[in-house]
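Asks: Here's my sequence, what's the structure:
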Amino acid sequence: MILPLFQVLVTAMMLVYAAYWRKRQVSRRNATWEQIVSKLSPNDWGIEDVSERFLYAEGIKATPQDIWSRIDGAKGLWAMYRNAPLLVQLADYATEHGEGVSEELLEGIRSDAFQIRFSVLMALAQHVVSRSSIAASVNAHRATGTYSNMLARITGLFQEHAGLLFPDFLQAM
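Replies: All right, here's what the predicted structure looks like:
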């Protein structure tokens with residue numbers, strides 16, 4: 001008696017989750033540029049202090065030892081974590097409304113977003129669990145470097161393929 005009830009319950013939960021997932025995908029696809037940009041975390045956590053030219057150049061100019069304090073610790077890491085999928089969504093939007101965007105560039109941006117989120121989670125876990133500033137700083141440095149590279153790639157993408165959207169992106173950042 002319990003097994004059929006359990007099967008029905010699991011099936012119902014899977015159907016509810018599938019409907020929820022589908023609804024989120026539709027709303028994500030129908031989002032406007034302004035809706036996506038409004039979800040970005042504000043840049044008040046110090047990325048400009050560690051990046052070479054912030055939006056226009058790849059790479060960072062801070063060492064792993066001082067990266068934690070320059071990005072305001074967990075606040076900066078969490079902002080990167082939240083912004084990474086939104087930046088991918090902006091790149092997808094620009095691709096849909098622009099012309100001639102290479103698939104390799106988009107896959108690179110998606111890969112960067114995954115690496116950022118993974119590095120941020122590792123850094124936060126190491127900071128909370130072990131209180132090891134060295135291990136957390138190394139992952140924070142990796143996340144910040146990847147985030148800087150991602151911003152440079154997206155800036156180039158917007159300049160080349162979605163020029164009308166580019167000023168709004170700069171204003172949001």
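
Asks: And the strands in this protein?
Replies: Secondary structure of the chain by DSSP state E: no strands are present.

Asks: Low-confidence regions, it specifically.
Replies: Across the chain, the stretches falling below the confidence threshold (pLDDT under 70) are 44-46, 48-59, 98, 131-132, 161-173.

Asks: This structure - how does it break down into domains?
Replies: By the assignment in automatic domain parsing, the chain contains the domains 1-30, 32-172.

Asks: With mean neighbour count added, can I get the ones you listed in TSV?
Replies: Placement of C-beta: from N, CA and C, glycine included. TSV is the format used below for those (neighbours: other Cβ atoms under 10 Å):
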stretch	mean neighbour count
domain 1-30	10
domain 32-172	18
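
Asks: check contacts around the spatially most central residue of the chain.
Replies: Among the residues of the chain, the smallest C-alpha distance to the mean C-alpha position (Cα atoms, centre = their mean) belongs to residue 84, namely 0.4 Å. Under the criterion of Cβ atoms under 8 Å, 6 or more residues apart in numbering, the neighbours of residue 84 are 112, 113, 116, 117, 147, 150.

Asks: separation between the second one and residue 152?
Replies: In other words, residue 113. Separation of residue 113 from residue 152 (Cβ to Cβ, to the nearest Å): 14 Å.

Asks: Could you pull up the contacting residues of the closest residue to residue 150 other than its chain neighbours?
Replies: The shortest distance from residue 150 to any non-neighbouring residue, by Cβ to Cβ, 6 or more residues apart in numbering, is to residue 112 (4.0 Å). Going by Cβ under 8 Å, 6+ apart, residue 112 touches 84, 146, 147, 149, 150, 153.

Asks: Repeat that for residue 30.
Replies: Going by Cβ under 8 Å, 6+ apart, the list of residues near residue 30 is empty.

Asks: Got phi/psi on it?
Replies: Backbone geometry at residue 30, expressed as degrees, to the nearest 10, gives phi -90, psi 0.

Asks: I'd like the distance between it and residue 150.
Replies: Separation of residue 30 from residue 150 (Cβ to Cβ): 24 Å.
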